[in-house]
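J.: sequence first, predicted coordinates after that:
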Amino acid sequence: MSLSDAHYFEEMGVKKYEEIHALLDSREKKDKLEGMKRLIAMISIGRDASNFFPDVVKNVVCDSLEVKKLVYMFLTHYAEVKSNEALLTINTFQKDLSDTNQLIRSSALRVMTSIRVAIIAQLQVMAIKQCVRDSSAYVRKAAAHAVAKVYSLDPTQKEALEELVQVLLQDTSTMVIGSAVAAFMEVCPERMDLIHPNYRKLCRLCADTDEWGQIQIIGMLTRYGRQFFLDPNLSEEAEPKEEGDKKTKKKKKKSGFYSSSSGSSSESEEEEEEEEAESGAELDPDHRMLLNCTQPLLRSRNAGVVLAVALLFHYLAPDKEVPKAGKSLVRVMKNSRETGYLVLSNLATLVHRRPALLEGLAKEFFLRATDPTCCALLKLDILACLVSEANAQVILREFNAYIKDSSRDPSLVAATIQAIGRCATRLPSLTDSCLRGLMALVSANRSENMVAESVLVVRTLVQRAPERHLRLVRQLSRLLEGGRPPTGRGALVWVAGGL
């Protein structure tokens, strides 16, 4: 529909609604097209048009290409709901699979596989078998999508569908390969033997497929790599340190003719770091190929693609190369609030196992006044995992500022106090300074909830070495006398009972 067809989306009166039957039964192609445009507009604005299904089915045999495309759009939308009526024209769908127009062939297959009747599952498989070898990549892509639909309808057809998946995986079109991998993951994800002959082709074509296909391919290759490649970090640990030092030595690459010492310094340093990372670990050639082919996708604008590559690097890349993925995740985290929350959720999980992913990026997770509480809580969790001797004082000062900010949400203040305790747990050298700060919070008595949370964290830290903190326990017992929060007094009794 064009801009001139915008009037179809206006509220339709009773008269226009009743006219649709007459328009669809007319012999004039112009009237049929008018009726179909009204129906598609009804579907677009959320109105139910399933009552017109019998009238639309009769127009499947129409010679007009424009009418036929709209008819197939309507049938695809309602084929699952009106399966019995759609069966009446299945012969027409089979005939259209040999049409000269690729749009008609793909639409016929799409409608035919949308009919949710198990009796015709074999006919659907035969139709897909015809389309997987079609000359048009558009039709082959539709066939790949149809494979998963038929499998969900009748899982007993798995053996026949696996053969079709094998054919689709051999396709060299970037339009088809992403859908073929999606069909593989749906029908037979355990059949990794089907990936072996196509592995290198998938690595090379991954960057040229659409973003949805990239996510599918990278996810599958991550599973493949975890199953068949050795852990590069285990091999690095096994190597003698001297050999590792020799391997990391690399000659500096000469700068370009037009490069200056100041302008190209950062680029040359990045190139040298990449060369050192590549030379630092002896990986299988296919393993290295996977990392090299997916690394450019870290610069993608799609957060899903970047996250998929980051997961691949998390599981399959040497430790030296992992921070590359962390920098890209920090970049896409700033796209929008929704994207930021999803990226932060994944980062909070990954950083617990591998803090090196975000090495040197702790300041990127300092809270902002505009951060929603859900994102702020995740940032606090990440900061507690990133604490080190180098940045401990900076992070603790930041936590102290959050606690003093009276405009902060109480749950956020409580989470900040808990994060201080986790920092002291990760770095025992911070225990004394953290305990002093928490005792200052208890003595200030600004809020009962803050006092209770502080005492709970103090209890956790004191339990690690109670003999060293007897004086602190006595001081805490004096502070909690009177009408202090019961949670704090209960924690104090817990500590005293363990001494």
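T.: Perfect, thanks for sending it. Bear in mind the structure is a predicted one, so any value in this text is a computation, not a measurement. Numbers count the residues shown, from 1 in each chain.

J.: Provide the secondary structure category for residue 164.
T.: helix (DSSP: H, G, I helix; E, B strand; the rest coil).

J.: residue 148 is in contact with that one, correct?
T.: No. With contact defined as C-beta atoms under 8 Å, residue 164 does not reach residue 148; the gap is 10.9 Å. (Each C-beta comes from the backbone N, C-alpha and C, glycine too.)

J.: of these two, who's got more company?
T.: residue 164 (24 against 19; other C-beta atoms under 10 Å).

J.: tell me who's in contact with the more buried one.
T.: 125, 128-129, 132, 143, 147 (C-beta atoms under 8 Å, 6 or more residues apart in numbering).

J.: could you find the closest non-adjacent residue to the residue nearest the centre of the chain?
T.: For the chain, residue 304 is the residue whose C-alpha lies nearest the centre (C-alpha atoms, centre = their mean; 4.2 Å). Excluding the flanking residues, the one nearest residue 304 by C-beta to C-beta, 6 or more residues apart in numbering is residue 215, at 5.1 Å.

J.: the helix or strand where that neighbour lies packs against which elements?
T.: Residue 215 is part of helix 211-228 when elements are defined by DSSP states H and E. Judged by 3 or more C-beta pairs under 8 Å, 6 or more residues apart in numbering; DSSP states H and E, helix 211-228 is in contact with helix 174-187, helix 199-205, helix 285-294, helix 303-316.

J.: nearest to residue 94, of those?
T.: Across the helices and strands packed on helix 211-228, the minimum distance to residue 94, taken as C-beta to C-beta, is reached by helix 174-187, at 21.5 Å.

J.: now for the protein, the helix or strand with the poorest mean pLDDT.
T.: helix 241-248 (a mean of 43; mean pLDDT, DSSP states H and E).

J.: quick check: the residue nearest to the centre of the chain touching residue 211?
T.: Yes. Shown here, residue 304 and residue 211 form a contact pair, counting by C-beta under 8 Å, at 6.9 Å.

J.: show me what contacts residue 285?
T.: No contacts exist for residue 285 under C-beta under 8 Å, 6+ apart.

J.: any idea how far it is from residue 453?
T.: Separation of residue 285 from residue 453 (C-beta to C-beta, to the nearest Å): 54 Å.

J.: what is the neighbour count of residue 192?
T.: Neighbours around residue 192, by other C-beta under 10 Å: 15.

J.: measure it to residue 137 for me?
T.: For residue 192 relative to residue 137 (C-beta to C-beta), the value is 25 Å.

J.: just give the number of residues close to the residue nearest to residue 304.
T.: So residue 215, with other C-beta under 10 Å, has 22 neighbours.

J.: give me the pLDDT value at it.
T.: pLDDT for residue 215: 96.

J.: residue contacts, it?
T.: Shown in contact with residue 215 (C-beta under 8 Å, 6+ apart): 302, 304-305, 308.

J.: ok, now residue 69?
T.: 103-104, 107.

J.: secondary structure element for it, which one?
T.: Secondary structure (DSSP H and E) places residue 69 in helix 65-78.

J.: put the alpha carbons of that helix into CSV.
T.: Taking C-alpha atoms only, helix 65-78 is exported to CSV below (Å, rounded to 0.1, in the frame of the first residue of the first chain):
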residue,chain,number,x,y,z
LEU,A,65,-0.2,-10.7,-9.1
GLU,A,66,-1.2,-7.8,-6.8
VAL,A,67,-4.4,-9.5,-5.7
LYS,A,68,-2.6,-12.8,-5.3
LYS,A,69,0.1,-11.4,-3.0
LEU,A,70,-2.6,-9.8,-0.7
VAL,A,71,-4.6,-13.0,-0.7
TYR,A,72,-1.5,-15.0,0.4
MET,A,73,-0.8,-12.4,3.1
PHE,A,74,-4.4,-12.9,4.4
LEU,A,75,-4.2,-16.7,4.3
THR,A,76,-0.8,-16.8,6.1
HIS,A,77,-2.3,-14.7,8.9
TYR,A,78,-5.4,-17.0,9.3
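
J.: how far away from the center of its chain is it?
T.: 33 Å (C-alpha atoms, centre = their mean, to the nearest Å).

J.: please apply the same query to stretch 442-458.
T.: Per C-alpha atoms, centre = their mean, the displacement of stretch 442-458 from the mean C-alpha position of its chain is 39 Å.

J.: now that stretch: average pLDDT?
T.: So the average pLDDT for stretch 442-458 ends up being 76.

J.: please save the CA atoms from that stretch in CSV.
T.: The C-alpha coordinates for stretch 442-458 follow below in CSV (Å, rounded to 0.1, in the frame of the first residue of the first chain):
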residue,chain,number,x,y,z
VAL,A,442,25.8,2.8,62.7
SER,A,443,26.9,5.6,65.1
ALA,A,444,25.3,8.3,62.8
ASN,A,445,21.9,6.5,63.1
ARG,A,446,20.5,8.3,60.1
SER,A,447,18.0,5.5,59.3
GLU,A,448,17.0,2.3,61.0
ASN,A,449,17.1,0.4,57.8
MET,A,450,20.6,1.7,57.1
VAL,A,451,21.8,0.8,60.6
ALA,A,452,20.3,-2.7,60.3
GLU,A,453,21.9,-3.3,56.9
SER,A,454,25.3,-2.0,58.2
VAL,A,455,25.2,-4.3,61.2
LEU,A,456,24.4,-7.3,59.0
VAL,A,457,27.4,-6.6,56.8
VAL,A,458,29.6,-6.0,59.9
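
J.: residue 23 against residue 31, yeah?
T.: Yes. Contact status for residue 23 versus residue 31: in contact at 4.6 Å, counting by C-beta under 8 Å.

J.: who's more crowded, these two?
T.: residue 23 (20 against 16).

J.: show me what contacts that one?
T.: 31-32, 34-35, 38.

J.: just those: which are in helices?
T.: With DSSP state H as the criterion, helices contain 31-32, 34-35, 38 from among the contacts of residue 23.

J.: of all those residues, which comes closest to residue 185?
T.: residue 38 (39.5 Å).

J.: measure the closest one to residue 44 for me?
T.: 11 Å.

J.: more neighbours: which of those two?
T.: Between residue 38 and residue 44, residue 38 has the larger neighbour count (other C-beta under 10 Å), namely 20 against 11.

J.: redo the contacts of residue 23 as JSON lines? Include pLDDT and distance to residue 182.
T.: Listed next are those as JSON lines, based on pLDDT from 0 to 100; distance: C-beta to C-beta, whole Å:
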{"residue": "31", "pLDDT": "89", "distance to residue 182": "40"}
{"residue": "32", "pLDDT": "89", "distance to residue 182": "36"}
{"residue": "34", "pLDDT": "88", "distance to residue 182": "38"}
{"residue": "35", "pLDDT": "89", "distance to residue 182": "36"}
{"residue": "38", "pLDDT": "87", "distance to residue 182": "35"}
